[in-house]
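Asker: Got a predicted structure here, sequence first:
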Number of protein chains: 2
Amino acid sequence: MMPKFRLFLLLYTLITAPAWADDGYRLWLKFDLIEDAALRQKYLSQVPTIASTSTHPTVQIAVEELRQGLGTLLGKPVAVKPALGANEKGISFKLNPTESGISEEGFKLQTVGGTLQLIAQTERGLLYAAYELLRRVQTGTSLEKLSVTSSPRIQLRLLNHWDNHVGTIERGYAGMSLWKWYELPERLDPRYTEYARANAAIGINGTVVNNVNASARFLTDEYLQKVKALADVFRPYGIKVYLSVNFASPRILGKLKTADPLDPDVRAWWKQKAADVYTLIPDFGGFLVKANSEGEPGPMDYGRTHVDGANVLAEAVKPHGGIIMWRSFVYEPDPKGDRFKAAYDEFKPLDGKFHDNVIIQVKNGPIDFMPREPFSPLFGAMTQTPVSMEFQLTQEYLGWATHWVYQAPLFEEVLSADTHAKGPGSTVAKVLDGSVYKYPITSMVGVANTGSDRNWTGHPMAQANWYALGRMAWEPTLASEQIADEWVKMSLTRKPQAVATIKNIMLKSREIYVDYTSPLGLHHLMGEGHHFGPEPWLNKARRPDWTAVYYHRADSLGLGFDRTARGSNALSQYAPPVQQQFENPATCPLPYLLWFHHVPWTQKLSTGRTLWNELVHRFYSGAEQVKWMQNEWNKVKKDVDSEIFANVAGRLLTQEKEALWWRDACVLYFQEYARQPLPAPYQKPNRTLEEVKNLVDIYHLR
Amino acid sequence: MMPKFRLFLLLYTLITAPAWADDGYRLWLKFDLIEDAALRQKYLSQVPTIASTSTHPTVQIAVEELRQGLGTLLGKPVAVKPALGANEKGISFKLNPTESGISEEGFKLQTVGGTLQLIAQTERGLLYAAYELLRRVQTGTSLEKLSVTSSPRIQLRLLNHWDNHVGTIERGYAGMSLWKWYELPERLDPRYTEYARANAAIGINGTVVNNVNASARFLTDEYLQKVKALADVFRPYGIKVYLSVNFASPRILGKLKTADPLDPDVRAWWKQKAADVYTLIPDFGGFLVKANSEGEPGPMDYGRTHVDGANVLAEAVKPHGGIIMWRSFVYEPDPKGDRFKAAYDEFKPLDGKFHDNVIIQVKNGPIDFMPREPFSPLFGAMTQTPVSMEFQLTQEYLGWATHWVYQAPLFEEVLSADTHAKGPGSTVAKVLDGSVYKYPITSMVGVANTGSDRNWTGHPMAQANWYALGRMAWEPTLASEQIADEWVKMSLTRKPQAVATIKNIMLKSREIYVDYTSPLGLHHLMGEGHHFGPEPWLNKARRPDWTAVYYHRADSLGLGFDRTARGSNALSQYAPPVQQQFENPATCPLPYLLWFHHVPWTQKLSTGRTLWNELVHRFYSGAEQVKWMQNEWNKVKKDVDSEIFANVAGRLLTQEKEALWWRDACVLYFQEYARQPLPAPYQKPNRTLEEVKNLVDIYHLR
């Protein structure tokens, strides 16, 4: 079709279509015209031109992003030319490998004369600078006399995709995998590039493309060609590819009799395989391993240790500059034990025994991405072996794709928690960035919430969690409020009142979710297997530590898991000041109370209510707050795109329905132990526990 | 955002974006401006205005489709007003319940004076007329002195979705299910409406939304609310909702001790369940059942028959006007038997014993959607019980989403096959439309190839198969060439040379696929379980009739399944003239040869080549033809959208790679039996059979 016809068509679409719907595909790279004409003029006067002669693909991307982004933001084409004239306003790039005050990926944004200079040691740094500049314009921030210096505090800022080779995503709620394995390497979905753009714009520099429950097929020549095709797309965006590997690969693929890490043939197999990988993908990142966990193979199948397992892989990738990310998520099905303690018990004794290109990847809490967990005791405990943070963006335990939960407050809570590992101020963030123990590798990963849904994340608001992970991996002390502010302005609206309203919902959303699903430190009450909806009554499962009763321990006296010295003594895994904070039920912060204490139903809490009354209050007020979210959301109707508005409004209705399931399930179930009426003003649910159980059971039907 | 800003933005997008990419989302409802100005003017002079005052939602949709569609096709707004003036040109609607010469869903398109009249007995008929009119404008057909009369030859024109409750699609290759069960009924994805539009435009009037391997959960109140929400969206488009049901539902949901169809409690349960369904969805279509097949529950679990099973359901829906679609796809794992005969053996004796609201749903061939099958002997055999046609749009055995196979020639081949049931001319089409046996219900269904992929079908060209199913269900004698012509012009390009080139590829594509995967009547050679790629060597599986050797019967003497009287005698299930056509290997048409005969390797065929040489020739020339497809496709580069061009070009590369797998796997494997060299000019594959096996085995790795 010729351009003039396109124009014609577009005008007609514009005239005839009832609304200009936004399907959320553009994420935070939404460069719609700035409505404030004065502001536009101001920016135009500052950055009317871009100067670059670079032929480096990464710099060319930076130039093109600025040209297109500023062009539509400011409503006027931004010219690209080789150089700015004397005193000519515009944007220029300065690549200086020895630039001081920044790290390899860092950048400066500086006003020098009339020029806005983007300065970095590497091309990646320049690309990050370009996205920072665009963010400033998108959010309406002044470009006056800029003197910005920014470097990432964490080296490896990764997404982990739990994407299976068949295209499904384990714990994914936004469609199929982005990776079309059956089309690769011949066909490159244009979305691969969009994915790279979105990540680069928030500083993410690596991606593990396959599930930790890993198929061995990814290490075959056939599949490595497919992975290479992705790596080639991502490379100019500064993003490295990593793979999850199946520890039994030498047996499965190499036809060896064993995968024993101390077997010489196994070692040789891994070395050769690593060499093959790096021949195809010279900047390959490394391997992620889930070993001897939930049925996956590992070194313990052969009487070896995690050290043996990790080190044989580390040796194999070392000559090529690769790393091994070894997950600490291991636990044994001991009905008398405490799963809380498993990772620490397993890995603390191994501290210092891993090769220097191994990093232990630790989930934020000791159990498994519950709506709230205390920080894992491994943070601060590993003095010689680096640990990385694994957050979960996909909302396995946070209401899937129908509950609006902004996770940055959860991240912030964990990152700012004080491990006291080397005295006060030894926050988890400082452990991670290596400032507590000088780790040779630092890393933060998010288990991706992306999928093939048009808007990437299913719930439109879940885009903010992906955004937040990138921003916090770059700077772990960023406040969740600031991140929300940026994201709303970049993705939804710049109208001040609407921005304030949406931010307010976001910042409260996680606490609301906690209140109606697991207040006061309750955890692991969700449906068996699928982890959907409430199932506090679950007392039988394939493993004891997959039930709910294992965790909440309700009885006629009270509720909660005693992890003090009188109980499992999991608290002893923390530094003494942390232990002290948690060990006295009278002073233990309420959000963590039932994580550490079995508390009598009649115990008066700091709120003035008894445990039972406080529980009921939380479940009820939490569910009521969803209505508040709905009301607040309705206020921004005129200020956000109509399709996004309707999308979120619909999901909030489902959230309300399911919040009531949670409330009724938990209150009615725990009431059988507490044997007390509901405190005023709360009315008994208008259904029986049996009815709620029947409802939830539907979701277990084949 | 205000309209003027939108305009601004759009203009900028237009100016700055390198190409106006078409992602295929609009399917055949693509109303881009007609480039031929004279033709546009001609149409504009004929249909400048639409007259309607209807408040019926279906007519309003018809008006709106015409207004928007013609508006952008013709590049000028088309006004809608209550009535046309005397001699005023335009479109008018005439609803006349007693209009002669058409059926309830039929329509007339007539020029009356200056007016183009859309005439129908029902609002649905008017909607179909509107889409017909748009199709004529999209394809550049004259509107001069129109006198069109059209009625569907088949009553039920359905899609069957094999969509699971978890969102996956059994044998789906285009993403996740369109139905977001966890968001329904509160949130309605805008795509539900787009789905309804696309179907209505091709005459599809019903949809079975869930997999025939059915979860009982769809019959719970919880899920029926979700189904109702879909039905409410589809209703104005003339589309009814149907459900696949799990035959054990009375036990699973009703907590009865049995699902025995003759048990009074079971009968009562189904009656009540049907009443509940119809209370929510008064125009609910009915139930589809896969019973006692591949592990699904059914009446035989209780010593009952398919008649018992179908009739108890038929009784339940009868008072509400519902129907039961009972699948004939049943077969027992007998290594000495012939799966070919199973459906006929099971159902022929039951002819006439089903209630009059039961229809037996029969796959086109006796096995299972092979690239080519002879028509099922059940077509023509059932004189008193109606049978419907089940085609498979999703390409389970046709190369998934990376092989370009236009299926209309397959449909046409089957529909035009002569069953000789009541003498010559008793084509399958005439059996289906009730003109052979006066069936009270007529039906044709396609197992959907739709999914959440942006372009709906994964392979852009697979959209044509969905389109063809709708068109052929309306008129089973439509030629695949005409359908291709329409579809290309509506979906891809109107440039005559490009239309011709693309149509040519389409019309040859299925035969090419047959040649490189299963020439001369070979069948069921595909990979175990996943059905991906070749596996002719498969000799062990969970059932004998899931292997390849069960079907091809290669030995040192020859190849093929003897289904004559000397063999399984499956041929006896056909009418004598059909038997005669197939029973002599010397006269049996080559495409069916190995379906019915075990032929010596050295046997000379009608082509002048021996069986072995002809086989090799087909596998090699088939694979070579993929290169021809690539070359032809390259010729239309400038005439189709760039994104679609690249998408198809990429998939053709994968198709070529996989065609070579098939060729090498089959030629090398069968050569071990034929013990002959490859005939000139063909060169031995440059890999061993072992190497091909290793490659294919990768796709079996967990």
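Answerer: Now that the structure is in, tell me what you want to look at. This is a predicted model, so every value here is computed, not measured.

Asker: Tell me which residues of stretch A:139-147 come out buried.
Answerer: By 16 or more other Cβ atoms under 10 Å in any protein chain shown, the buried positions in stretch A:139-147 come out as A:143, A:146. In this view, the C-beta of every residue, glycine as well, is placed from N, C-alpha and C.

Asker: so does that stretch get close to chain B?
Answerer: No - Stretch A:139-147 does not reach chain B (Cβ under 8 Å from any Cβ of the partner chain); its nearest approach is 15.3 Å.

Asker: so where's chain A shaky on pLDDT?
Answerer: A:1-20 (pLDDT under 70).

Asker: now the farthest one out in it, which residue is it?
Answerer: Distance from the centre of chain A peaks at A:Ala86, with 45.6 Å (Cα atoms, centre = their mean).

Asker: Which residues of the stretch 51-200 of chain A lie near chain B?
Answerer: By the rule Cβ under 8 Å from any Cβ, the part of the stretch 51-200 of chain A lying against chain B is A:67-68, A:71-72, A:75, A:77, A:165, A:168, A:173, A:175-176, A:182-183, A:186-188, A:190.

Asker: Please, which helix or strand holds whatever residue of the stretch 601-702 of chain A ends up closest to chain B?
Answerer: In the stretch 601-702 of chain A, the residue that lies nearest chain B is A:Gly650 (2.7 Å; Cβ to the nearest Cβ). Using DSSP states H and E, A:Gly650 sits in helix A:642-674.

Asker: elements contacting the very next helix or strand once past that helix?
Answerer: Next in sequence after helix A:642-674, counting helices and strands by DSSP H and E, comes helix A:689-698. The helices and strands touching helix A:689-698, judged by 3 or more Cβ pairs under 8 Å, 6 or more residues apart in numbering or on different chains; DSSP states H and E, are helix A:642-674, helix B:221-234.

Asker: Relative to the following helix or strand past the shortest one, what are the paired strands and their orientations?
Answerer: Note on helix B:221-234: by DSSP H and E, the next helix or strand toward the C-terminus is strand B:240-244. Strand partners for strand B:240-244, identified by DSSP bridges, are recorded as strand B:206-208 (parallel), strand B:286-289 (parallel).

Asker: Test my guess that the residue of the stretch 601-702 of chain A closest to chain B contacts B:Glu186.
Answerer: Yes - in terms of Cβ atoms under 8 Å, A:Gly650 counts as a neighbour of B:Glu186; the distance is 5.2 Å.

Asker: anything in contact with each of those two?
Answerer: Residues touching both A:Gly650 and B:Glu186 (Cβ atoms under 8 Å, 6 or more residues apart in numbering or on different chains): there are none.

Asker: hang on, the earlier thing: which secondary structure state is assigned to the residue farthest from the centre of chain A?
Answerer: Counting by DSSP: H, G, I helix; E, B strand; the rest coil, the backbone at A:Ala86 sits in coil.

Asker: and it, how far is that from chain B?
Answerer: When distance is defined by Cβ to the nearest Cβ, to the nearest Å, A:Ala86 is 28 Å away from chain B.

Asker: any residues touching stretch A:101-115, and which ones?
Answerer: Taking Cβ under 8 Å, 6+ apart as the rule, stretch A:101-115 contacts A:84, A:87-92, A:99, A:116-122, A:124-126, A:128-129, A:132-133, A:143-152, A:203, A:205, A:238.

Asker: among these, which are in strands?
Answerer: A:90-92, A:116-120, A:147-150 (DSSP state E).

Asker: Could I have the buried ones of those as ChimeraX selection syntax?
Answerer: Buried members of the ones in strands among the contacts of stretch A:101-115, defined by 16+ other Cβ under 10 Å, are picked up in ChimeraX with:
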select /A:90,91,92,116,117,118,119,120,150
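
Asker: Out of the ones in strands among the contacts of stretch A:101-115, the closest to chain B would be?
Answerer: Nearest member of those to chain B, counting by Cβ to the nearest Cβ, is A:Ile91, at 16.6 Å.

Asker: Enumerate the beta-bridge partners assigned to that closest one.
Answerer: On the basis of DSSP bridges, A:Ile91 is bridged to A:Ile50, A:Leu116.

Asker: who touches it in this structure?
Answerer: Taking Cβ under 8 Å, 6+ apart, one finds A:47, A:49-51, A:66, A:115-118, A:133 in contact with A:Ile91.

Asker: how much space between the residue of the stretch 601-702 of chain A closest to chain B and A:Tyr173?
Answerer: From A:Gly650 across to A:Tyr173, the span is 15 Å (Cβ to Cβ, to the nearest Å).

Asker: Those two - which one has more neighbours?
Answerer: Neighbour tally, A:Gly650 and A:Tyr173, criterion other Cβ atoms under 10 Å in any protein chain shown: the higher count belongs to A:Tyr173, 24 against 19.

Asker: Helix, strand, or coil at the closest residue to A:Pro371 other than its chain neighbours?
Answerer: Spatial nearest neighbour of A:Pro371, chain neighbours left out: A:Val514 (4.7 Å); criterion: Cβ to Cβ, 6 or more residues apart in numbering or on different chains. Here A:Val514 is helix, with the state taken from three-state DSSP.

Asker: how many neighbours does A:Val514 have?
Answerer: For A:Val514, using other Cβ under 10 Å, the count is 22.

Asker: Let me see the domain layout of chain A.
Answerer: The record's domain parsing of chain A by automatic domain parsing lists A:23-150, A:156-491, A:515-561+A:598-700.

Asker: Helices of the stretch 301-450 of chain A, residue ranges please.
Answerer: Ranges of helices in the stretch 301-450 of chain A, per DSSP state H, counting those that start in this stretch, are A:306-317, A:342-347, A:408-415, A:428-432.

Asker: Would you mind telling me which of those helices is nearest B:Tyr550?
Answerer: For the helices of the stretch 301-450 of chain A, proximity to B:Tyr550 was assessed by Cβ to Cβ; helix A:306-317 is nearest, at 43.5 Å.

Asker: Could you list the residues in contact with that closest one?
Answerer: Contact partners of helix A:306-317, identified using Cβ under 8 Å, 6+ apart, comprise A:245, A:247, A:261-262, A:266-267, A:270-271, A:273-274, A:278, A:286-287, A:289, A:291-292, A:298-300, A:322-324, A:326, A:330, A:346-347, A:350, A:353-355, A:357-358.

Asker: Just the CA atoms of that helix, as CSV, please.
Answerer: The C-alpha coordinates for helix A:306-317 follow below in CSV (Å, rounded to 0.1, in the frame of the first residue of the first chain):
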residue,chain,number,x,y,z
HIS,A,306,25.9,-29.0,46.0
VAL,A,307,29.5,-27.8,45.9
ASP,A,308,30.6,-30.8,43.8
GLY,A,309,27.7,-30.1,41.5
ALA,A,310,28.2,-26.4,41.1
ASN,A,311,31.9,-26.5,40.8
VAL,A,312,32.0,-29.0,37.9
LEU,A,313,29.8,-26.7,35.9
ALA,A,314,31.8,-23.6,37.1
GLU,A,315,35.0,-25.2,35.8
ALA,A,316,33.4,-25.8,32.5
VAL,A,317,32.2,-22.3,31.9
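
Asker: By proximity to chain B, which residue of the stretch 151-300 of chain A wins?
Answerer: A:Arg187 (2.8 Å).

Asker: residues near that residue, how many?
Answerer: A:Arg187 has 20 nearby residues by other Cβ under 10 Å.
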